[in-house]
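> Let's see this in three dimensions:
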Amino acid sequence: MNNWIIMMIIGVLAVILGILALANPFAASITATVFAGWSFLFLGAFQTFAAFSAPSTGAKIAGVILGLLALVIGVHIIAQPLQGLLSLTFAAGILFLVSGVFKGVFGFSNFEGSARWALLLSGLVSVILGLMVLNNFPQSAAVLLGVLLAIELLSNGISAIALAFAVRSANNADAPQEDAT
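Next comes the predicted model:
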């Protein structure tokens with residue numbers, strides 16, 4: 001099977017899943033929360049084991065503490081997905097706010113012209129999103145992660161489909177042409 005066909009299948013599946021996530025954002029939010037919980041669990045276990053190969057005792061202790069913390073967070077989210085959904089939504093709102101403030105400060109202090117305005121606009125959008133999430137908390141928890149997941153799936157799916165067409169075109173251009181004589 002050609003690589004472009006695989007990319008096309010992945011892209012179409014991602015778009016379908018994105019549409020399904022938009023159709024039922026609460027189910028998608030719970031799915032994203034459980035996925036995050038399992039991610040914390042696996043990464044925490046990996047961090048804990050990797051800490052033992054750290055060069056210094058301080059790094060080992062810090063690695064083990066961070067790994068165990070991630071493990072506890074993962075177990076908590078998996079065992080209590082609705083509470084995890086609230087926690088992750090609150091964290092997302094705070095991250096939007098902090099990200100927006102940093103983009104604004106960075107834009108004012110380090111750039112001029114269109115780059116400054118792009119950073120400032122992006123920062124403003126992030127601050128507005130953060131305020132919207134936190135202003136409507138905990139009600140926003142029911143849909144926020146699902147909508148974000150849906151947007152990510154749609155974006156990835158559309159880009160995979162576009163990439164599949166580009167690869168197919170490149171493959172066709174590289175194929176030997178037969179003479180019509």
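> Let's verify Phe137: helix, strand, or coil?
coil (DSSP: H, G, I helix; E, B strand; the rest coil).
> give the contact list for it.
Counting by Cβ atoms under 8 Å, 6 or more residues apart in numbering, Phe137 touches Thr89, Phe90, Gly93. C-beta coordinates here come from the backbone N, C-alpha and C atoms, glycine included.
> mind checking how far it is from Phe35?
21 Å (Cβ to Cβ, to the nearest Å).
> Which members of the contacts of Phe137 are classed as buried?
Among the contacts of Phe137, those buried by neighbour count (16 or more other Cβ atoms under 10 Å) are Thr89, Phe90, Gly93.
> closest to Phe165 among those residues?
Thr89 (36.3 Å; Cβ to Cβ).
> what about the closest one, which SS state?
Quick answer, by three-state DSSP: Thr89 is helix.
> That one - nearest residue in space that isn't next to it in sequence?
Excluding the flanking residues, the one nearest Thr89 by Cβ to Cβ, 6 or more residues apart in numbering is Ala141, at 3.8 Å.
> hang on, isn't the one you found packed against Leu86?
Yes - between Ala141 and Leu86 there is a contact under Cβ atoms under 8 Å: 5.0 Å.
> Same drill for those two, tell me which one is more crowded.
Higher neighbour count among Ala141 and Leu86: Ala141, with 25 against 17, using other Cβ atoms under 10 Å.
> give the contact list for that one.
When contacts are counted by Cβ under 8 Å, 6+ apart, Ala141 touches Ser29, Leu85, Leu86, Leu88, Thr89, Phe90.
> Val133 versus that one, what's the distance?
Distance of Ala141 to Val133, given as Cβ to Cβ: 9 Å.
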